[in-house]
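>>> Sequence first, predicted model second:
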Amino acid sequence: MEKLLTLQEELTEAKVKLVAVSKTHGPEAILRLYREGQRDFGENRVQELLEKQPVLPADIRWHLIGHLQTNKVKYVVPFVHLIHAVDSPKLLFEIDRRAEAIGRVIPCLLQFKIAEEESKFGLSWEEATQLLEDPRFPELKHVLIAGVMGMGTLTDDEAQTRREFRTLKRYFDQLKSTFFPDSDSFRELSMGMSDDYHLAIEEGSTMVRIGSLLFGERE
């Protein structure tokens, strides 16, 4: 648990939130961090999240950080704390529809594709602005756009990683000034993982998603 405590201390000083990414690790591994005060946990897959959530403490704040298919939205809206990966208008509208049905407002992040890898999901700048300028967008009362998220290219090239993080920070700043100037809720810049979170913090991240550094390699 020394790694967790050291990381929590470092991130608290930087005023950055820690999401412990627990994918592939069982409930007992999550409980070990929970007992040390960690409350924010991230999962990539809906099925894995649905298996863990009922058997773990109710005050855990669950973050869905992986690609979310519209047909699985209904399973997570009753309890999810933050959806990081809104990568299409269709998905955002479905989250709103499902959240309205149960009387919740779901905080969401717009995911941008900043990496070079084709396997990465995310909006382009043009797609994001089209979504926010859509006349139907103000009618969405059960989603809350809380910021943006992105994943850098898997590379050892620090300069490239910085460029990608700076692109995401620029998108965040432009969206804030153009679409959310009076919104205190639009404040999260979710970027940075175990290998690059130091760079992400230097480039303005408010939330890092740390897995292997805390849990070790995937089970």
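Sure thing, it's come through.
>>> neighbours around the residue nearest to residue 180 when sequence neighbours are not counted, how many?
Leaving aside its sequence neighbours, residue 180 sits nearest to residue 186 (Cβ to Cβ, 6 or more residues apart in numbering; 3.7 Å). Yep, even glycine has a C-beta here, placed from its N, CA and C like the rest. Close neighbours of residue 186, defined as other Cβ atoms under 10 Å, add up to 19.
>>> and residue 186, what does it touch?
By Cβ atoms under 8 Å, 6 or more residues apart in numbering, the residues touching residue 186 are 145, 146, 147, 175, 176, 179, 180.
>>> which two from these end up farthest apart in space?
146 and 179 (12.7 Å; Cβ to Cβ).
>>> Could you look up the next helix or strand downstream of the worst-scoring helix or strand of the chain on mean pLDDT?
Every helix and strand of the chain was ranked by mean pLDDT, DSSP states H and E. The lowest is helix 2-14, at a mean of 87. Sequence order places strand 17-21 as the next helix or strand after helix 2-14, per DSSP states H and E.
>>> mind saving the C-alpha coords of the least confident helix or strand of the chain as PDB?
The C-alpha trace of helix 2-14 is given here as PDB (Å, rounded to 0.1, in the frame of the first residue of the first chain):
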ATOM      1  CA  GLU A   2       3.000   2.200   0.100                       C
ATOM      2  CA  LYS A   3       2.700   3.000  -3.600                       C
ATOM      3  CA  LEU A   4      -0.900   4.100  -3.100                       C
ATOM      4  CA  LEU A   5      -0.100   6.400  -0.100                       C
ATOM      5  CA  THR A   6       2.900   7.900  -1.900                       C
ATOM      6  CA  LEU A   7       0.800   8.500  -5.000                       C
ATOM      7  CA  GLN A   8      -2.200   9.900  -3.100                       C
ATOM      8  CA  GLU A   9       0.200  12.400  -1.300                       C
ATOM      9  CA  GLU A  10       1.800  13.400  -4.700                       C
ATOM     10  CA  LEU A  11      -1.600  13.900  -6.400                       C
ATOM     11  CA  THR A  12      -3.100  15.700  -3.400                       C
ATOM     12  CA  GLU A  13      -0.300  18.200  -3.500                       C
ATOM     13  CA  ALA A  14      -0.800  18.700  -7.300                       C
END
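>>> can you list the residues that contact it?
Helix 2-14 has contacts (Cβ under 8 Å, 6+ apart) with 17, 18, 20, 33, 36, 37, 38, 201, 208, 210, 213, 214.
>>> Report the angle between that helix and strand 17-21.
If you take axes from the mean of the first three to the mean of the last three Cα atoms, to 10 degrees, helix 2-14 sits at 150 degrees to strand 17-21.
>>> So the spatially most central residue of the chain versus residue 110, what's the distance?
Nearest residue to the geometric centre of the chain (Cα atoms, centre = their mean): residue 84, 3.1 Å. Here the distance between residue 84 and residue 110 works out to 9 Å (Cβ to Cβ, to the nearest Å).
>>> packing partners for the stretch of helix or strand residue 167 belongs to?
Assessed by DSSP H and E, residue 167 sits inside helix 158-179. When contacts are defined as 3 or more Cβ pairs under 8 Å, 6 or more residues apart in numbering; DSSP states H and E, helix 158-179 packs onto strand 106-112, helix 125-133, strand 143-150, strand 188-190, helix 197-202.
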